[in-house]
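In: one predicted model, sequence on top.
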Amino acid sequence: KGMNIDPDEVFHKISNAGLEWVNLNAKAKLLEDCEKSELSQIIQEYVKKGSKSMASAESEARADQRTFDYICNKTNARRDSDEAKVKYEAAKTWFEAVRTKAATERQEMRQGG
């Protein structure tokens, strides 16, 4: 018949999913916000190594494996954040559906269904 749900357990699961999303989103945002600074540091290394021009140093920096790795890490962090958000939203949606179903069952019982 009805589902037995521990509200404390549901609260903790939803809270934990939300906090996971918050933490992963902060990590992704930090990587996104720092991308230009990271690239600038690599450009400066190429300038110091004697690149012919700033444009040349920037081109070399953009082709640098560290830049590629940084962009991959940034993209993966955003994906992880988005997945965590989906899990959080799904947990909330699941709880609302269960709550609605339980309320409907209670109403049916009161009506003698």
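Out: Sure thing, it's come through. From a predicted model like this one, the values you see are computed outputs, not experimental measurements. Numbers count the residues shown, from 1 in each chain.

In: need the distance between the two termini of stretch 53-72.
Out: One end of stretch 53-72 to the other measures 27 Å (CA to CA, to the nearest Å).

In: quick one: secondary structure of the closest residue to residue 88 other than its chain neighbours?
Out: Of all residues not flanking residue 88 in the chain, residue 17 sits nearest, at 4.1 Å (CB to CB, 6 or more residues apart in numbering). From N, CA and C alone the C-beta is placed, and that goes for glycine too. Put simply, residue 17 is helix when judged by DSSP: H, G, I helix; E, B strand; the rest coil.

In: who's in contact with residue 17?
Out: 84, 87, 88, 91 (CB atoms under 8 Å, 6 or more residues apart in numbering).

In: just give me the longest helix of the chain.
Out: helix 65-110 (DSSP state H).

In: chain center to that helix: distance?
Out: 10 Å (CA atoms, centre = their mean, to the nearest Å).

In: now do that helix: which elements does it pack against?
Out: Using 3 or more CB pairs under 8 Å, 6 or more residues apart in numbering; DSSP states H and E as the contact test, the elements touching helix 65-110 are helix 7-33, helix 35-48.

In: quick one: closest of those to residue 61.
Out: Distance to residue 61, taken as CB to CB, is lowest for helix 35-48 among these, at 4.1 Å.

In: looking at the helices and strands packed on helix 65-110, which is nearest to residue 65?
Out: Once the helices and strands packed on helix 65-110 are compared by CB to CB, helix 35-48 is nearest, at 10.0 Å.

In: which residues touch that closest one?
Out: For helix 35-48, contacts defined as CB under 8 Å, 6+ apart pick out 54, 56-58, 60-62, 64, 66-67, 70-71, 74.
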